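The sequence and its predicted three-dimensional model are supplied below.
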Amino acid sequence: MKLINSVLGVLVFAALVSCDQFKITKTEDGDRLQVHEKGESGKLGKDGDILTFDLVIKSSLDTVFKNTYKEGQPFRVPLRKGQFKGSFENALYHIAEGDSTTVLVSADSLFNAIQQTLPTGVTKGSDLLFTVKMRKIQTMKEFEQELEEKKANEGKYVDEYAAKNLKNATKTADGIQYVENLAGSGATPAPGDSVIVKYVGKFMEGRIFDQSPADQPFIFTVGTGSVIPGWDKALQTMKKGGKSTFIIPSRLAYGENGAGGVIPPNTPLVFEIELIDVKK
């Protein structure tokens, strides 16, 4: 009997913990949050602070619309009030640094606010689930200081990466460092030439942010501004049939602005490029 009571006690405790884990709290402003994990600092953001967080957006039917873990780059946005009561933006004021929290947002309210119809996979009257892992909360001054430090130390980081990963790399006058993995024997591209390439783009920590599909090489004209400046310069070190790995400094990539929430500001990039063909 004692054993049975003990087992029942464990099961009841587990059930209570499980219920608490799935408990949804509602703030005075109408935000609905489900806290999975609390951070140690308890630091909350204020208007204008810069938030850095990972995000997964799902429908109530488990359709995934966004996953920064797979994309390899967290969101970084200023903290501002949303357009409607119970919005995702408003809920961010209640998520502290280090917290892991799911925000429930009315799909009807969201798509009415942006004047769009409900997309496939989202039913009327349902909620969208925004699961946030809050990585960092910074004042604008702290954020700008971080950018300045990153910019000032970029050359050092690139040199350290090249020394470790690109043995005997060649450094161009523009600051591009590269190694030739396979020597080509054909023509070298010049401005105005059309080229066909395959490529993989990575951050220096190794995460891939972009790559050409296996069955669809990338075609562009050198020197027309259709790619970042570093690519135009990199291709002119290659010959048709060659393969090279390049480290392109941020000023020849996406500079101080970054790109579309995928490339952070002042970020050097690593590209593995295969030059398939050159058409003069």
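Ah, there it is.

Return the residues in contact with the closest residue in space to residue 185 that isn't next to it in sequence.
Distance criterion Cβ to Cβ, 6 or more residues apart in numbering; nearest residue to residue 185, sequence neighbours excluded, is residue 241 at 5.7 Å. From N, CA and C alone the C-beta is placed, and that goes for glycine too. Counting by Cβ atoms under 8 Å, 6 or more residues apart in numbering, residue 241 makes contact with 182, 184-186, 275-276.

lowest confidence element among the helices and strands of this structure?
Within the chain, confidence by mean pLDDT, DSSP states H and E is lowest for helix 2-21 among all helices and strands, at a mean of 43.

and the next element down the chain from it?
Heading C-terminal from helix 2-21, the first helix or strand you meet, by DSSP states H and E, is strand 25-26.

what packs against that following strand?
Helices and strands touching strand 25-26, as assessed by 3 or more Cβ pairs under 8 Å, 6 or more residues apart in numbering; DSSP states H and E, comprise strand 32-37.

Could you rerun that using 7 Å?
Counting contacts by 3 or more Cβ pairs under 7 Å, 6 or more residues apart in numbering; DSSP states H and E, strand 25-26 packs against no other helix or strand.

what about that strand, distance to the chain center?
29 Å (Cα atoms, centre = their mean, to the nearest Å).

Which strands border it, and is each parallel or antiparallel?
Strand 25-26 pairs in its sheet with strand 32-37 (antiparallel), by DSSP bridges.

Give me the contacts around stretch 158-171.
177-179, 204, 245, 247, 249, 268 (Cβ atoms under 7 Å, 6 or more residues apart in numbering).

From start to finish, how long is that stretch in a straight line?
By Cα to Cα, to the nearest Å, the extent of stretch 158-171 from end to end equals 11 Å.

Brilliant, that's me finished.
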